[in-house]
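S.K.: I need the structure of the sequence given here:
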Amino acid sequence: RVVHQGCRKLIHRYFEIQPIHGEPEGSQVTLEKGFDPARYRLTGQVLGDPPFRGQLVHRGWTVNAVHLPTPTPGHDFKVLLPAEVEL
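M.R.: So this is what the prediction gives:
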């Protein structure tokens with residue numbers, strides 16, 4: 001739980017997030033023709049063409065803005081944690 005609290009704090013510090021779908025979980029929703037399949041994952045018996053009607057199991061999350069700190073010049077983002085050498 002401590003790890004989850006730290007992750008939550010980090011996410012809220014650097015990212016503005018909001019639900020993809022505004023209705024509460026458990027609501028009946030309709031996805032009309034042209035819905036974005038990157039924003040909605042259909043499960044169960046997916047047959048035919050939209051509109052699709054079903055129960056919202058999870059509202060999903062999207063990022064509205066990213067506020068990362070300014071990197072120092074020459075910083076290599078590919079290095080997650082440098083090797084350590086004790087002398």
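S.K.: can you pull out the strands in this structure?
M.R.: Counting by DSSP state E, the chain has strands at residues 15-19, 28-31, 52-55, 61-66.
S.K.: for Tyr14, what are its contacts?
M.R.: For Tyr14, the contact set (CB atoms under 8 Å, 6 or more residues apart in numbering) comprises 66-68. Glycine gets a C-beta too; all of them are placed from N, C-alpha and C.
S.K.: distance between the ends of stretch 49-68?
M.R.: From its first residue to its last, stretch 49-68 covers 41 Å (CA to CA, to the nearest Å).
S.K.: got the buried residues for that stretch?
M.R.: Neighbour counts over stretch 49-68 (16 or more other CB atoms under 10 Å) mark 52, 54, 56, 59 as buried.
S.K.: Distance of Gly54 relative to Leu31?
M.R.: 8 Å (CB to CB, to the nearest Å).
S.K.: overlap in contacts of these two?
M.R.: Applying CB under 8 Å, 6+ apart, one finds that Gly54 and Leu31 are jointly contacted by Leu42.
S.K.: got the angle for the helix or strand of the chain with the lowest mean pLDDT vs strand 61-66?
M.R.: None of the helices or strands of the chain scores lower by mean pLDDT, DSSP states H and E than helix 2-14, at a mean of 90. Interaxial angle, helix 2-14 versus strand 61-66 (axes from the mean of the first three to the mean of the last three CA atoms, to 10 degrees): 50 degrees.
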